[in-house]
Structure formats: structure tokens, C-alpha cells
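Visitor: Sequence and predicted structure, then a few things I'm wondering about:
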Amino acid sequence: MIPVPLQTLAGFAAGTLRGDGACLVTSVNTDSRKITAGEVFVALVGDRFDAHDFIPQVAASGAAAVVVSKINPAWGTLPCAVIEVGDTLLALQQMAAGYRGHHGALIIGLTGSNGKTSTKDLTAAVMARKCQTRATLGNLNNHIGLPLTLLSLREGDQCCVAEMGMNHAGEIKVLTDIARPDAGIITNVGMAHIEHLGTQDAIAWEKGTLAASVRAGGVVVLNANDKYSEVISRHCQASVSMAGVGRGDVSASNLRADATGTTFTLDFSGEKLETRLPILGEHMVGNAALAACMGWRQGIAPADVADALNQVKLTGGRVEPKVVNGIQFIDDSYNANPDSMIAGLRTLSALGEGRGRRVAVLGRMGELGPIAEAEHRRVGEFAASLKLDAVFSVGGSEAAWISEASKNVPSEHFPDHATCAAHLRQWLHAGDVVLLKGSRSARMEQVLTQFSAS
């Protein structure tokens, strides 16, 4: 943070301050285990925890202030300031909203069913060619993570690429009210979170809330390959551009994939550049087009955009190539839904051509509700249609539906990561290519951890 008087933060949160209001603070934290001297600690309350229980330890660790919604007489006199509020989560969000206006950086909001974190990384890399840019760490993109991202903006930061996630209706509105984005990107509208929203149309409406929130005079970039983009664009007050593969104001074409990435032509409405993306997967090229379009609309020269894409690195666990004992793993284990599963399988199929065997090792996909079985089976059927050399599933009954549906190719279900890894150690040969993918709850990276430990 830019140094902010404690009284100012308390004002943002509409809280009652007891202590030195002139004290300057430069950090806000919600993790009692990681408090450092001079920080403001916000005591959040969850279903299974209450951070108020740790206030004495936090104060003793050197916190400048604690933000609380109740006072426990057992604390005695704390060696730090206290900001008392009605709701600590709301206070965190209000502090972030206030600080967002106080700081004044360009805020680029980003959401979508697939590819949010990858597109966030790509966009941040492109925007860094113009100005000092900060972005959401990992995928801290929810009602707690977004405020912490905004509160992490430092002196000199001129742009923030803020990822916005959701799984229930109304959540994007909460985030846009906090961030008040100057620009926005929607990667796509898929089936993720359909368990809670019911229909893909409802998902599109929720995602579209970001685009509609971008101020007049701002910029919205939508996916030219997504069927919902035209409808979403009609609700925008900002200027809208489209980007995608084979179409859009910025478009990628002539894709040539190899074992380390994809080379393609990037067309900026007539200005064409040969571009190299050192990341596996055609779907990643679509994400790169979105990032390129945003950078271009923000005044970055196409040549600088292309150079930024050429050197980009993604957050771990996203189509990350790893070679173990001569076997190439594609670690795409961070998360999954039906659309991203299919994209990952396409990447495996293309990468494995002319090499060793192509093997999919897949886990469950979460938040699919009543369509869970149909979607898991659809993924299995698609994997079989690619004529892969094997389809293995790991975990409970949902994952088992994938291998059950993978008819006409070798398939098997394993109850846990260790059993699967043991089978892979015996079965794989040098030169084989293995895709690891599943929802975060499936923890598919543990298959590789177990395999590598042998």
C-alpha cells in the first residue's frame, strides 16, 4: 500500500477507531499466522473459524491495528489500535473500495468460465510494457481475495489486472462495486458453476455484469469466438472490441503448435505480426488474443504486445510441461470444467502426434449439479474420439464416469493418486505424453508428486 493514515482506513470502513489515527500503515492482512509489524489485521469470521480468537497473538506480533466486530474483555488492554466495525468482511471490502479511489490505478477487471488466471497473467505481461502493473496473486479472485489484491497496490503501480471469480448469482456485482473497473475482459461463457446458477444463460448474465459495470470511456474486450459476446456487448456503456482465433478486431490465425508452444499470426485490424506463445494449447492462443487486444486498446504498440507474449510465464499448474524420467507430463491440474477438459484433451492429442503414447489422467469436475454424470461421460467420449492410447480416471464415482465412457480405448479407474501413480510407473515408457487435469478438489498434481517420488 501507499502509506495511509489509520484514521483514513477507519473512515473507509465506517469504523470506530481507538488509538493513534495518524499512524501510517502500508499493509492489510487477514491471516493471523503471517502478521508482520505495522500491519492492519482484519478478523474475519467464517463457518468454521473466528479470527477474533487470535487477536491477543496478533497484537503481540506487532500489528498496528486490528479490525474487529466485537470486543472480548479477556483481551485486556491491547498494545495496538482497534477499529471496531459492524461486519469485518464488509469492512475489508469497504477499505479496498476506498483505497482503490485513493490510489487511482487503472483497474482491468477479468472474469470468465475458463482461462481467467491464464488470461490475467497474459494481460499483466502485456500491460507491463506500458506501465508498472500488479495482478491478482494466484487465483485470489473472490470477495476476500479481490479486496486484498486492491489493498496490495503500491506506490508506482499504474495498472492492476484484477481477476474476478464467482459461483453464485450476484457475486460479480459485489466485486465490481469494490473495484469499479476502468476496463474489462470476459474470457468466455461455459458450464462452470452451473450447479449454482442453473443455466448457461444465467452464467452469461452473471459474467456480463463485469462488462456492464465498466464506465463510459472505458474498454471492454470480449471473446469473438463465444456465442454470448454479442449479447453481452449490447449492455455495455464502454467501448467494446472483440478478439479471438480466426475472427475479431484482434485475431490469431495460422496456428503452428509444437512441444513448447504455438506460433501464429496476430492481426491487429490489418497490422499483422508473427507471434510466438511459449505455452501449450490452442485455447491459450485465444486467451493471448484477448490480452493482446486489451493492450492494444490501451495504446501499446503491436510489436511490444507480441514481444510480451513471447516471454510470458503462467501461474503454475496450467498446461505446464514437466519431464520426469523421459516422460512428458502436461500439468494442467489447477482446475477443470467440461470446456477446459476438452481443450486440454485437444492439446494432448496434438502434442502427442508422432511421439510416444498419449495418455489422459483425469479427475472429477466440480459444481456441475444434475448434469455431472452427463458431462463427465461427455469428456470420456470425447477422449475416446481422439483415439488416445489410454484414459485413466482417479478418485470417486464422478471421475469413474470418464473412464467408463471412454470406450474403444484402454481405460481404467483408480481409487486414489498413489494407486494411479504406481500403475503409471509400471506402464509408461520414455517418450509418452501424459495430461493431468481435474478440478482443484481432485488435486491431480498429487499423481505427479507420487510418480516422481519413486
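Guide: That came through, no problem. Keep in mind it's a predicted model, so treat the numbers as computed, not measured. Numbers count the residues shown, from 1 in each chain.

Visitor: Outside of stretch 165-178 itself, list whatever touches it.
Guide: Stretch 165-178 is contacted from outside by 93, 96-97, 100, 109, 111, 116, 139, 141-143, 146-147, 150, 164, 193, 196-197, 202, 206-207, 209-210, 213, 367, using CB atoms under 8 Å, 6 or more residues apart in numbering. Yep, even glycine has a C-beta here, placed from its N, CA and C like the rest.

Visitor: Would you list the buried entries among the residues you listed?
Guide: 93, 96-97, 100, 109, 111, 116, 139, 141-143, 146-147, 150, 164, 193, 197, 206-207, 209-210, 213, 367 (16 or more other CB atoms under 10 Å).

Visitor: if you look at the contacts of stretch 165-178, which of them are in strands?
Guide: G109, T111 (DSSP state E).

Visitor: List the ones among the contacts of stretch 165-178 that fall in helices.
Guide: Of the contacts of stretch 165-178, the ones assigned to helices by DSSP state H are 93, 96-97, 100, 116, 146-147, 150, 196-197, 202, 206-207, 209-210, 213.

Visitor: Closest to A453 out of the residues you listed?
Guide: Closest to A453 out of those is K116 (31.3 Å), distances taken as CB to CB.

Visitor: May I have the residues that are in contact with that closest one?
Guide: K116 touches L110, N139, N141, E163, M164, G165, T187, counting by CB under 8 Å, 6+ apart.

Visitor: Would you mind confirming that the fourth one is in contact with D121?
Guide: I take that to be E163. No: E163 is beyond contact range of D121, at 9.5 Å (criterion: CB atoms under 8 Å).

Visitor: Are there residues contacting both of these two? Which ones?
Guide: By CB under 8 Å, 6+ apart, the residues touching both E163 and D121 are A135.

Visitor: can you list contacts of the lowest-mean-pLDDT helix or strand in the chain?
Guide: Least confident helix or strand, the chain: helix 194-197 with a mean of 75, by mean pLDDT, DSSP states H and E. By CB under 8 Å, 6+ apart, the residues outside helix 194-197 that reach it are 167-169, 200, 203, 206, 366-372.

Visitor: let's see 6 Å
Guide: N167, H168, I203, E367, L368, G369 (CB atoms under 6 Å, 6 or more residues apart in numbering).

Visitor: In ChimeraX, how would I select the buried members of those?
Guide: Applied in ChimeraX, the following selects the buried portion of the contacts of helix 194-197 according to 16+ other CB under 10 Å:
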select :167,203,367,368
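
Visitor: Farthest pair within the contacts of helix 194-197?
Guide: It's H168 and L368 that sit farthest apart of the contacts of helix 194-197, by CB to CB, at 14.8 Å.

Visitor: okay, now G115: neighbour count?
Guide: 25 (other CB atoms under 10 Å).

Visitor: a strand runs through P321, doesn't it?
Guide: Yes: the assignment for P321 (DSSP: H, G, I helix; E, B strand; the rest coil) places it in a strand.

Visitor: and it, how many neighbours?
Guide: With other CB under 10 Å as criterion, P321 counts 16.

Visitor: Let's see the pLDDT reported for it.
Guide: The per-residue pLDDT reported for P321 equals 86.

Visitor: Now pLDDT too, for the contacts of helix 194-197, in TSV please.
Guide: Compiled in TSV, these are given as follows (pLDDT from 0 to 100):
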residue	pLDDT
N167	77
H168	85
I203	89
E367	84
L368	90
G369	89
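
Visitor: Where do the helices of the stretch 151-300 of the chain begin and end?
Guide: 171-179, 194-197, 200-213, 229-233, 282-297 (DSSP state H, counting those that start in this stretch).

Visitor: Redo the ones you listed as TSV? Include distance to T419.
Guide: Putting those into TSV (distance: least, CB to CB, whole Å) gives the following:
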stretch	distance to T419
helix 171-179	37
helix 194-197	28
helix 200-213	35
helix 229-233	43
helix 282-297	30
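
Visitor: Tell me where the model's unsure across the stretch 151-300 of the chain.
Guide: Scanning the stretch 151-300 of the chain with the threshold set as pLDDT under 70 gives 193.

Visitor: Report the central residue of the chain.
Guide: T117 (3.0 Å; CA atoms, centre = their mean).

Visitor: Now for it: which residues touch it?
Guide: N139, T315.

Visitor: Check the gap between it and M164 for me.
Guide: 11 Å (CB to CB, to the nearest Å).

Visitor: Equivalent analysis for N408, please.
Guide: 41 Å.

Visitor: What of Q132?
Guide: Taking CB to CB, one finds Q132 at 22 Å from M164.

Visitor: cool, and Y228?
Guide: Using CB to CB, we find Y228 at a distance of 17 Å from M164.

Visitor: what do you get for E320?
Guide: The gap separating E320 from M164 is 24 Å, by CB to CB.

Visitor: And the protein, split by domain according to the record?
Guide: By the assignment in automatic domain parsing, the chain contains the domains 4-92, 104-310, 320-452.

Visitor: for the shortest one, the distance to its chain's centre please.
Guide: Spelled out, that is domain 4-92. Computed by CA atoms, centre = their mean, to the nearest Å, the chain-centroid distance of domain 4-92 equals 28 Å.

Visitor: Done for today, thanks.
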